[in-house]
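Participant: Got a predicted model here, sequence first, then my questions.
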Amino acid sequence: MINQSLNGVEAILLVGGPAGSGKTTIAQKIVAAPNEFDLPDLCPEPVHRTDWKSLHTKRFQDGTLIVEFATNKLSDPAHRRAYSEFIDTLGKAVPIRAGYTAHIKRNVLRKRYLQRMKPSHFLHVGKWKSWLRYLLATQSDDFGVAAWNSLLAEKSIRQRPWPIAQTSQA
């Protein structure tokens, strides 16, 4: 099923970070104006984006695909294993050119998460649990960022900073 979704895709970029850290926002900017960003070599246009959970429901024709992963639950061994297996499957289908980690200050993350909640989200217990976790987390809780970086290192995926440094405009 994944091979059908990736038919024609020539390169993959992975990005991981906590929910609300800007993965989708920056990926959308890259899709809209890829020439303004410092993409790795061998990442042809067009650039597309998706999250890992819905990739199998989409079809991408060509170019480069950014695949987003929320790292919030990577401390769970089953979740980490699922990500690892999915990344292996991706890598067998298309070359993975780089992996990125979205870093964000804790107070900005809390604010962004609350701001992006839609009225319907306030009815879901899971969203409230995530918000409370962001609010009450200890300083040592990095929301799975270290586990994500470790996963990329284990797979020998070249790590780059996120957001990608813009090459022209500030």
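Facilitator: Cool, the structure landed. Numbers count the residues shown, from 1 in each chain.
Participant: which residues touch Val15?
Facilitator: Neighbour list for Val15: Lys23, Ile26, Ala27, Ile66, Val67, Glu68, Phe69, Gly99, Tyr100, Thr101, Ala102, Trp162 [criterion: Cβ atoms under 8 Å, 6 or more residues apart in numbering]. No exception for glycine: its C-beta is placed from N, CA and C like everyone else's.
Participant: which ones are touching the fifth one?
Facilitator: Counting by Cβ under 8 Å, 6+ apart, Val67 touches Ile12, Leu13, Leu14, Val15, Arg49, Thr50, Asp51, Trp52, Leu55, Leu90.
Participant: Among those residues, name the ones in strands.
Facilitator: Counted as lying in strands by DSSP state E, out of the contacts of Val67, are Ile12, Leu13, Leu14, Val15, Arg49, Thr50, Asp51.
Participant: If we only consider these, which is nearest to Asp76?
Facilitator: Asp51 (17.8 Å; Cβ to Cβ).
Participant: need the helices for the protein, in chain order.
Facilitator: Taking DSSP state H, the helices of the chain run over residues 2-5, 23-32, 77-93, 106-115, 125-136, 145-154.
Participant: can you redo those as JSON lines with mean pLDDT?
Facilitator: As requested, those are exported to JSON lines (pLDDT from 0 to 100):
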{"stretch": "helix 2-5", "mean pLDDT": "84"}
{"stretch": "helix 23-32", "mean pLDDT": "93"}
{"stretch": "helix 77-93", "mean pLDDT": "96"}
{"stretch": "helix 106-115", "mean pLDDT": "72"}
{"stretch": "helix 125-136", "mean pLDDT": "66"}
{"stretch": "helix 145-154", "mean pLDDT": "95"}
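Participant: now the ones you listed as a markdown table including distance to Asp41 and mean neighbour count?
Facilitator: Output for the helices of the chain, formatted as a markdown table (distance: least, Cβ to Cβ, whole Å; neighbours: other Cβ atoms under 10 Å):
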| stretch | distance to Asp41 | mean neighbour count |
| --- | --- | --- |
| helix 2-5 | 24 | 14 |
| helix 23-32 | 16 | 18 |
| helix 77-93 | 17 | 15 |
| helix 106-115 | 32 | 14 |
| helix 125-136 | 36 | 13 |
| helix 145-154 | 18 | 17 |
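Participant: Alright, that wraps it up for me.
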